[in-house]
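Novice: got a sequence here, can you build the structure:
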Amino acid sequence: MAFIRKTVLLFNPWIYDFAAYDFWFKPLGLLYIGSVLRDHGYDVQLIDCLDRFHPALLNIPAHSRTTRPDLSGKFHRERIAKPKAVSFVPRHYSRYGMPFQLVQQLLLSCTPPDIVLVTSFMTYWYPAVIDAILLLRKCFPNAKIILGGIYATLCPEHARIHAAPDYIVTGEGEVKAVRLIAELLNGPGRDYDYHELDELPMPAFDLYPTLYSVALLTSRGCPNACSFCASGILTAGYRRRSVENVIDEIRFWRQQYEIEHFTFFDDALLHRSSQFIKPVLRGVRDSGWSINFYTPNGLTPRYIDEEMAELFFSARVRHIRLSFETSNEGRQKAMSAKVTNFELARALDNLERAGFEKKEIGVYVLMGLPGQRAAEVRETAAFVHRLGARVKVASFSPIPGTVEWQNAVDLGLWSPGADLLLTNCTIFPIWSNTIGYQQCLDLLLWINSLNSQL
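Specialist: Got it, this is the predicted structure:
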């Protein structure tokens with residue numbers, strides 16, 4: 001008996017937060033699953049509430065769609081009521097992404113799906129996931145809703161109770177989601193599996209009505225074990241794609257869709273660089289393609305030798321951000337020992353000699369760890385400033401399941417039952433209660449004054 005084609009809708013919800021900015025954001029996991037489903041014969045649709053270039057947004061006033069030459073930019077924003085848990089925060093709370101009514105119209109214009117796959121990101125964005133699932137149930141009462149992504153993986157019981165999807169997929173979703181959908185729809189894919197990342201099809205970016213940039217993952221997972229990071233929980237170990245596979249993907253999007261902007265979203269892009277990213281960048285440089293690369297995720301300074309820096313410059317890698325976290329040597333060792341003060345200084349010197357301006361390079365400094373003093377952050381920021389680079393503050397969020405989350409619980413600084421909204425890094429989850437919210441703002445103002453001197 002022939003399989004009657006079934007329809008799956010991929011849905012990426014809004015962001016509900018005090019602030020949000022689009023650094024080439026794309027729901028990569030969702031798009032990979034969509035490609036695998038298409039290969040198995042399913043009809044796949046996409047609605048990405050965070051798509052700033054959707055044609056339907058052309059009627060939105062231009063000031064709400066501010067875009068920089070590198071295609072990063074501001075999301076459309078609508079103020080909404082602050083949830084009770086964060087009502088004390090003296091900032092506006094907003095829905096970032098397409099207007100609610102526009103999303104509803106787009107949903108009603110879709111072929112009614114048999115399955116809706118919803119992704120999720122920050123744990124403290126869960127109210128947007130709840131609203132998304134409520135809207136999807138209203139529009140498609142007969143569809144089964146499957147929730148996956150970061151929030152669903154880190155807090156599956158919370159998601160089951162509050163977002164109330166029909167099913168939850170945790171961790172990497174290609175195999176689990178495809179097998180579940182095949183079972184639910186009595187369709188192909190019940191025994192789907194893959195062994196190497198190269199076996200995965202390219203993400204379904206072609207589902208976007210307008211496509212200007214592509215997000216790349218040349219690897220999954222991370223070989224480091226940073227105490228504040230959930231990478232080890234979210235992925236099944238550290239693996240890499242082959243050099244040829246990555247270059248083939250870049251070539252495809254460049255030649256078939258004329259894409260000029262690519263963003264690396266690896267957790268450890270530079271690990272074993274001589275075998276992977278260096279030959280990728282050489283291939284891109286030698287191809288003559290007119291493209292730009294961006295690296296919003298922090299790069300490990302240890303691996304930026306002279307050759308790496310020169311390849312960054314010649315292959316047009318821009319938006320350089322380095323992972324440093326702290327200049328405190330004791331904390332460096334405790335967190336993973338992935339970088340030293342000397343290695344940061346050397347990396348910045350190598351980048352400068354290659355042609356970059358130090359003042360345009362951002363260095364991530366971590367603020368708000370349990371047990372961390374404000375003086376440590378000041379000392380770290382001052383150290384980065386003396387090196388001539390720009391300080392990029394990364395406010396700590398207690399991510400369930402990580403070492404630092406457990407440290408905060410053990411020190412009595414965090415309750416395991418606290419509302420996930422309170423993990424929002426914007427409100428300094430730990431430090432708001434220890435040194436005070438205003439003191440945190442004062443520290444940020446002081447760091448901004450350092451940056452303004454560059």
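Novice: quick one: low-confidence parts of this structure?
Specialist: Counting by pLDDT under 70, the chain has low-confidence residues at 1-3, 61-65, 336-337.
Novice: in space, not sequence, find me the middle residue of it.
Specialist: With distances taken as C-alpha atoms, centre = their mean, the chain has Phe25 as the residue nearest its mean C-alpha position (6.6 Å).
Novice: doesn't that one lie inside a strand?
Specialist: No: read with DSSP: H, G, I helix; E, B strand; the rest coil, Phe25 is coil and lies in no strand.
Novice: surely it and Leu50 touch.
Specialist: Yes: using C-beta atoms under 8 Å as the test, Phe25 is close enough to Leu50 to be in contact (5.9 Å). For glycine as for every other residue, the C-beta is placed from the backbone atoms N, C-alpha and C.
Novice: what's the neighbour count on Leu107?
Specialist: As a burial measure, the neighbour count of Leu107 was computed by other C-beta atoms under 10 Å and equals 20.
Novice: next one: the one 3 residues further on
Specialist: Residue crowding around Cys110 was assessed by other C-beta under 10 Å; the count is 16.
Novice: got it, and Leu322?
Specialist: Other residues near Leu322 number 24, with proximity taken as other C-beta under 10 Å.
Novice: which SS state does it fall under?
Specialist: With three-state DSSP as the basis, Leu322 sits in strand.
Novice: identify the bridge partners of it.
Specialist: When bridges are called by DSSP bridges, Leu322 pairs up with Leu299, Val363.
Novice: quick one, domains of the protein?
Specialist: Structurally, the chain divides into domains by automatic domain parsing as follows: 7-185, 204-452.
Novice: so Phe23 touches Ser72, yeah?
Specialist: Yes: under the criterion of C-beta under 8 Å, Phe23 makes contact with Ser72 at 5.2 Å.
Novice: nearest residue to Val317 other than its sequence neighbours?
Specialist: By the measure of C-beta to C-beta, 6 or more residues apart in numbering, the closest residue to Val317 outside its immediate chain neighbours is Phe293, 4.4 Å from it.
Novice: thought that neighbour was touching Phe262?
Specialist: Yes: shown here, Phe293 and Phe262 form a contact pair, counting by C-beta under 8 Å, at 5.2 Å.
Novice: ends of stretch 391-409, what's the gap?
Specialist: Distance between the boundary residues of stretch 391-409 (C-alpha to C-alpha, to the nearest Å) amounts to 29 Å.
Novice: Phe23 and Ser72: which has the busier surroundings?
Specialist: Comparing Phe23 with Ser72 by other C-beta under 10 Å, the one with more neighbours is Ser72, at 20 against 16.
Novice: give me the common contacts of Phe23 and Ser72.
Specialist: Residues touching both Phe23 and Ser72 comprise Tyr294, His319, with contact defined as C-beta atoms under 8 Å, 6 or more residues apart in numbering.
Novice: give the burial count for the residue lying closest to Gly34 once chain neighbours are set aside, as a bare number.
Specialist: Among residues not flanking Gly34 along the chain, Ala204 sits closest, at 4.0 Å (C-beta to C-beta, 6+ apart). As a burial measure, the neighbour count of Ala204 was computed by other C-beta under 10 Å and equals 19.
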